[in-house]
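Student: Provided below are the primary sequence and the corresponding predicted coordinates.
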Amino acid sequence: QVQLVESGGGLVQAGGSLRLACAASGGTFSSYGMGWFRQAPGKERELVAAISWSGGSTYYADSVKGRFTISRDNAKNTVFLQMNVLKPEDTAVYSCAAAYGPGGPRTSSNEYDYWGQGTQVTVSS
């Protein structure tokens with residue numbers, strides 16, 4: 001059983017930056033592909049970024065390409081999401097998720113086995 005705990009959310013002005021972190025425990029972190037999802041009020045959950053178990057491959061939603069960067073530190077069992085040039089439409093609850101096994105970045109929520117509880121990101125205009 002893998003436990004995921006997110007941190008780093010908060011309130012920021014448009015154009016600002018935040019760095020989210022997701023700490024994993026209870027499993028072999030390097031065996032999991034990781035993803036960051038977000039859900040805004042009244043909207044469906046969407047994949048923001050994903051990274052392969054080795055960190056060698058990444059995926060980004062079009063809406064965040066060039067602004068967000070996903071990375072992982074397998075020695076520290078942590079995945080990060082660096083968010084720059086934040087926009088009000090980035091406001092959402094951000095959650096990390098873990099998908100067991102090798103392969104490229106997982107792009108479907110159905111592929112993920114474990115989820116964190118999420119952290120709120122609010123971008124003011």
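Tutor: Arrived safely, thanks for sending. These numbers were taken from a predicted model, which means no experiment stands behind them.
Student: so who does the residue nearest the centre of the chain touch?
Tutor: In the chain, the C-alpha nearest the mean C-alpha coordinate belongs to residue 36, at 2.1 Å (Cα atoms, centre = their mean). Contact analysis of residue 36 by Cβ atoms under 8 Å, 6 or more residues apart in numbering lists 20, 22, 47-50, 70, 79, 81, 94-97. C-beta coordinates here come from the backbone N, C-alpha and C atoms, glycine included.
Student: ok, residues contacting stretch 59-73?
Tutor: So stretch 59-73 is contacted by 34, 36, 46-51, 55, 58, 78-86, 89-90, 104-105, 107 (Cβ under 8 Å, 6+ apart).
Student: so how far is it off the chain centroid?
Tutor: 9 Å (Cα atoms, centre = their mean, to the nearest Å).
Student: quote the end-to-end distance of that stretch.
Tutor: 17 Å (Cα to Cα, to the nearest Å).
Student: quick one, what contacts the residue nearest to residue 33 when sequence neighbours are not counted?
Tutor: Spatial nearest neighbour of residue 33, excluding adjacent residues (Cβ to Cβ, 6 or more residues apart in numbering): residue 99 at 4.5 Å. Shown in contact with residue 99 (Cβ under 8 Å, 6+ apart): 32-35, 106, 111-113.
Student: distance of residue 99 relative to residue 125?
Tutor: Going from residue 99 to residue 125 by Cβ to Cβ, to the nearest Å gives 34 Å.
Student: how about residue 21?
Tutor: From residue 21 to residue 125 the distance is 26 Å (Cβ to Cβ).
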